[in-house]
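Asks: Would you be able to build a 3D model of this:
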Amino acid sequence: MRRAVNVAAAVALLIAGIAGALWSRSHQILINKTGSLRNWGYIVDVGRLPERGEMVAFMPPSNPYYSETFVKIVGGVPGDVVEREGQTYRVAGRPIGEAKETSARGLPLAPGPTGVLPPGHYFVYAPHKDSYDSRYAEIGWVPAAAVLGAARPIL
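Replies: As a prediction, the model looks like this:
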């Protein structure tokens, strides 16, 4: 009887280990280190491309501020028109927010691209006044190749 319990326990541990390994390939947990979004962490569905309004985890291009994975909101998808009037950005006719001329550290910020989002690219943003996102040239439109996956907040 004791041997049957040990075998059952070993099988349960093996199944849990396999399930955990599969989950870790398809999901990741990211910790939020900035104030641009209010949640402390996110579960990323690795490989799943986001839709408008969803959050997305991506690797930003090389920039002077951050080198870690970003989580932002998808404000624009391929085919949407991105417009800028003064410092105000609109995507598909919806206001996204204001771009700043300098960073919180006082460094100049160049405005991001405008026009029609090409296939495989996203306009990303966060509502925080200091969010570093597609409103700035250093981030720009995020290519699908840089996307880790769609993200969901951990409450």
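Asks: Please verify my assumption that His128 contacts Ser36.
Replies: Yes: assessed by C-beta atoms under 8 Å, His128 is found in contact with Ser36 at 4.2 Å. The C-beta positions use only the backbone N, C-alpha and C, and glycine is treated the same way.
Asks: Neighbour count for those two, which is higher?
Replies: Higher neighbour count among His128 and Ser36: Ser36, with 19 against 14, using other C-beta atoms under 10 Å.
Asks: Pro153 versus the more buried one, what's the distance?
Replies: 13 Å (C-beta to C-beta, to the nearest Å).
Asks: now Ser26
Replies: Counting by C-beta to C-beta, the gap from Ser26 to Pro153 is 18 Å.
Asks: what does Thr102 give?
Replies: For Thr102, the distance to Pro153 - C-beta to C-beta - is 29 Å.
Asks: Kindly report the same for Gly53.
Replies: 13 Å.
Asks: same check, this time on Ile96
Replies: For Ile96, the distance to Pro153 - C-beta to C-beta - is 19 Å.
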